[in-house]
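Novice: I'll drop the sequence and a predicted model, then ask my questions.
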Amino acid sequence: MGGRIVELAFDFASYYLRDRIYSVVWLGVPDARLVGGEMTVEGECHCGAIQFEAQIDAEKIVVCHCTDCQVLSGTAFRTVVFTLPDGLTFSKGEPKVYVKTAQSGNPRAQGFCAECGSAIYATSVGDGPKVYGLRAGSLKQRETLVPTRQVWRSSALSWVDDVGALPAVQGQS
Ligand SMILES: [Zn+2]
Ligand SMILES: [Zn+2]
């Protein structure tokens, strides 16, 4: 009898905790599995030719102001979500890879969709386990992936911090 009560209490505690972790921390994102800052995310390019799943560290999300990110993304900065080592699996398609020398001086492989041009990741060149810097815009969970720091602030566009104060409309005009 005592054992059964302990079992029930344990069940209740684990359900309660799991519920709180899912709803409070990840705001109900489906399929998010949490271990510390780790979670699973799904991504897709704009045309759908490339689909993938990744294990990421939600505590390592950066806004990158480097000039490569500005040119390659076509906008002011890029939001980058880092995977765990080798934590990227493609379920459909394969990205085309462009290797360039980054502002840091290191060669970086840039994966993108050859059909629609969506940026998917950047990673190191050569052998060994790879950490992928996923481009947050291609991730279904992007709303909940909040940046934790900014890098290459030295090349940030001077107006970038003022965007929140601009007059705003909910649609295009
Ligand atoms: Zn595509
Ligand atoms: Zn960058």
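Specialist: Structure's in. What do you need? Numbering: from 1, shown residues only. Ligands and ions are numbered 1, 2, ... in the order given.

Novice: where along the protein do the helices fall?
Specialist: 2-20, 67-73 (DSSP state H).

Novice: Comparing these, which yields the minimum mean pLDDT?
Specialist: Mean pLDDT per stretch puts helix 2-20 lowest among these, at a mean of 45.

Novice: Would you mind listing what in this structure touches ligand 1?
Specialist: Contacts of the chain with ligand 1, taken as Cβ under 5 Å from the ion, map to 45, 47, 49, 113, 115-116. C-beta coordinates here come from the backbone N, C-alpha and C atoms, glycine included.

Novice: out of the residues you listed, which are buried?
Specialist: 45, 49, 113 (16 or more other Cβ atoms under 10 Å).

Novice: now, which of those lie close to ligand 2?
Specialist: Okay, of those, nothing touches ligand 2 (Cβ under 5 Å from the ion).

Novice: could I get the residues you listed as a markdown table with pLDDT?
Specialist: Rendered in a markdown table, the data for these read as follows (pLDDT from 0 to 100):
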| residue | pLDDT |
| --- | --- |
| Cys45 | 98 |
| Ala49 | 98 |
| Cys113 | 98 |
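
Novice: Tell me the one of the residues you listed nearest Glu38?
Specialist: Cys45 (23.8 Å; Cβ to Cβ).

Novice: Now do the same contact list for the closest one.
Specialist: By Cβ atoms under 8 Å, 6 or more residues apart in numbering, the contact list for Cys45 reads 51, 93, 112-113, 115-116, 118, 120, 138.

Novice: Gly43 too?
Specialist: 51-54, 120, 134, 138-140 are the contacts of Gly43 under Cβ under 8 Å, 6+ apart.

Novice: and it, what are its bridge partners?
Specialist: Applying DSSP bridges to Gly43 gives these bridge partners: Phe52, Leu139.

Novice: Would you mind stating the distance between it and Asn106?
Specialist: 24 Å (Cβ to Cβ, to the nearest Å).

Novice: just Val41 next, same as before
Specialist: Distance from Val41 to Asn106, by Cβ to Cβ: 25 Å.

Novice: So for the two, which sits in the more crowded spot?
Specialist: Set Val41 next to Asn106 and count neighbours by other Cβ atoms under 10 Å: Val41 wins out with 25 against 10.

Novice: and the more buried one, what pLDDT?
Specialist: At Val41, the model reports a pLDDT of 97.

Novice: Touching stretch 59-71 from outside, list them.
Specialist: Where contact means Cβ under 8 Å, 6+ apart, the residues beyond stretch 59-71 that reach it are 36-37, 76-82, 100, 102-104, 108, 136, 145-157, 160.

Novice: Output it as PDB, nothing but the C-alphas.
Specialist: Provided in PDB are the C-alpha atoms of stretch 59-71 (Å, rounded to 0.1, in the frame of the first residue of the first chain):
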ATOM      1  CA  GLU A  59      21.300  28.900 -24.400                       C
ATOM      2  CA  LYS A  60      23.600  29.600 -27.300                       C
ATOM      3  CA  ILE A  61      21.700  31.800 -29.800                       C
ATOM      4  CA  VAL A  62      23.500  34.800 -31.200                       C
ATOM      5  CA  VAL A  63      22.700  37.900 -33.200                       C
ATOM      6  CA  CYS A  64      25.700  38.200 -35.600                       C
ATOM      7  CA  HIS A  65      26.500  41.700 -37.000                       C
ATOM      8  CA  CYS A  66      29.500  40.500 -39.100                       C
ATOM      9  CA  THR A  67      29.700  41.900 -42.600                       C
ATOM     10  CA  ASP A  68      29.500  38.400 -44.100                       C
ATOM     11  CA  CYS A  69      26.200  37.800 -42.400                       C
ATOM     12  CA  GLN A  70      24.900  41.200 -43.600                       C
ATOM     13  CA  VAL A  71      25.800  40.400 -47.300                       C
END
